[in-house]
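>>> Sequence and predicted model, in that order:
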Amino acid sequence: MKTIQFREAICEAMSEEMRRDESVYLMGEEVAEYNGAYKASKGMLDEFGPKRVIDTPIAELGFAGIAVGSTMTGNRPIVEYMTFNFSLVGIDQIINNAAKIRQMSGGQFKCPIVFRGPTASAGQLGATHSQAFENWFANTPGLKVVVPSNPYDAKGLLKAAIRDDDPVIFMESEQMYGDKGEVPEGEYILPIGVADIKRKGDDVTIVSFGKIIKEAYKAADELEKEGISCEIIDLRTVRPMDRKAIVESVKKTNRLVVLEEAWPFGNVATEITYLVQSEAFDYLDAPIVKINTADTPAPYSPVLLKEWLPNHEDVIKAVKKVLYK
């Protein structure tokens, strides 16, 4: 094993797949000459050249469309958005073309493409740069949505996403690029659609994904001092969702808390809540609690932003609520 940063895991995954398959290329703003806005493509221009590592204008709709079209001529593009907030400019290409090519062509065309970049908040970036759209994309048939929380998962899942024959939304975080973690020296791939139990426990199940799961870890450490044992499930993939892992854990602990950095209405936590009440209702000893951001655009003020974002104290309160403590 070796220890690398999250950004290095992303770079390694892309580079390894580009060495393996000449049809893979990277396109986005500042991915080439600048080595990536977050240095996640450092050195790739030097290795692969400007025909496979392509700097684009600030025109997300245009380069998303070029990339989608290129899949129909045998290419496997990786499209980097500087943030998924900017993907809204190109979302027509994602929803109306990438997600539907296979069905609308009667199976004649596949669309092997990865749209990747950071999601959700990253400090004081204001309302338009702090949004989480995992549930938007996960609501769309034809798309797979991956949200890793550490370098090991990021590398293994990104390699799987690049090899997938369907479009994959791969969502990272500006606040995770510097995170360090162990990854194997050799090649490995993680299957899309399989959750990971990051911490085993008996008293309550906490389901989360992406960078916000760190707050669940902090809460579990504090709760352990009080004799409360938390089982933490990292979804890793929002769609397809590992429904079995969630249900089996709830059948063991009989209580569920879902932690997600997203607005409260119609989010991933809502889907999980429906899943558990429909498939494991008789196992529940308490109502499910979901923890989300406040139901407002993200504030710029650091004081308000702290209140807006879920934190480990919110998780502790939720766990004690389902345990009637």
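Nice, I can see it.
>>> Low-confidence stretches in the stretch 101-250 of the chain?
Within the stretch 101-250 of the chain, the set of residues satisfying pLDDT under 70 is empty.
>>> show me where it has helices.
101-104, 134-138, 151-163, 213-224, 243-253 (DSSP state H, counting those that start in this stretch).
>>> which other residues reach the shortest one?
So that's helix 101-104. Outside helix 101-104, the residues within contact range by CB atoms under 8 Å, 6 or more residues apart in numbering are 68, 71-72, 109-111, 142, 166. Every C-beta, even on glycine, is put in place using the N, C-alpha and C of the backbone.
>>> Select from those residues the one having the most neighbours.
Top of these by neighbour number is residue 111, holding 25 neighbours under the definition other CB atoms under 10 Å.
>>> just to revisit the earlier point, can I get the helices of the stretch 101-250 of the chain in a markdown table including mean neighbour count?
Listed next are these as a markdown table, based on neighbours: other CB atoms under 10 Å:
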| stretch | mean neighbour count |
| --- | --- |
| helix 101-104 | 16 |
| helix 134-138 | 22 |
| helix 151-163 | 24 |
| helix 213-224 | 20 |
| helix 243-253 | 18 |
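>>> related to what we said a few turns ago, could you dump the contacts of helix 101-104 into TSV and include distance to residue 62?
Below are the contacts of helix 101-104 laid out as TSV (distance: CB to CB, whole Å):
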residue	distance to residue 62
68	11
71	16
72	17
109	20
110	22
111	18
142	22
166	23
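>>> Nearest to residue 6, out of these: which one, please.
In terms of CB to CB, no member of these lies closer to residue 6 than residue 166, at 24.5 Å.
>>> Wait, the closest one touches residue 107, no?
No - using CB atoms under 8 Å, residue 166 is not in contact with residue 107; the gap is 12.0 Å.
>>> what's the distance between residue 172 and residue 237?
14 Å (CB to CB, to the nearest Å).
>>> okay, the helices of the stretch 101-250 of the chain in a markdown table with distance to residue 83 next?
As requested, the helices of the stretch 101-250 of the chain are exported to a markdown table (distance: least, CB to CB, whole Å):
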| stretch | distance to residue 83 |
| --- | --- |
| helix 101-104 | 25 |
| helix 134-138 | 13 |
| helix 151-163 | 17 |
| helix 213-224 | 20 |
| helix 243-253 | 29 |
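>>> Among these, which comes closest to residue 125?
Of all those, it is helix 134-138 that lies closest to residue 125, at 17.5 Å by CB to CB.
>>> Can I get that closest one in PDB? Just the C-alpha atoms.
The C-alpha trace of helix 134-138 is given here as PDB (Å, rounded to 0.1, in the frame of the first residue of the first chain):
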ATOM      1  CA  GLU A 134     -26.500  14.200  -6.600                       C
ATOM      2  CA  ASN A 135     -30.200  13.600  -6.300                       C
ATOM      3  CA  TRP A 136     -30.900  15.500  -9.500                       C
ATOM      4  CA  PHE A 137     -28.700  13.300 -11.500                       C
ATOM      5  CA  ALA A 138     -29.700  10.100  -9.600                       C
END
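>>> in the helix ranked longest in the chain, what's buried?
Ranked by residue count under DSSP state H, the longest helix found in the chain is helix 6-20. Buried positions in helix 6-20, judged by neighbour count with 16 or more other CB atoms under 10 Å: 6-18.
>>> now swap in stretch 122-132 and tell me
122, 125, 129-132.
>>> Just send those back as JSON lines, with distance to residue 218 too.
Below are the buried residues of stretch 122-132 laid out as JSON lines (distance: CB to CB, whole Å):
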{"residue": "122", "distance to residue 218": "18"}
{"residue": "125", "distance to residue 218": "23"}
{"residue": "129", "distance to residue 218": "25"}
{"residue": "130", "distance to residue 218": "21"}
{"residue": "131", "distance to residue 218": "24"}
{"residue": "132", "distance to residue 218": "20"}
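>>> Take those residues and keep only those in strands.
With DSSP state E as the criterion, strands contain none of these.
>>> Can you say which two of the residues you listed are spatially most distant?
The most widely separated members of the buried residues of stretch 122-132, counting by CB to CB, are 125 and 132 (12.6 Å).
>>> From residue 234, how far out is the residue nearest to the spatial centre of the chain?
With distances taken as CA atoms, centre = their mean, residue 147 lies nearest the centre of the chain, 1.4 Å away. Distance of residue 147 to residue 234, given as CB to CB: 9 Å.
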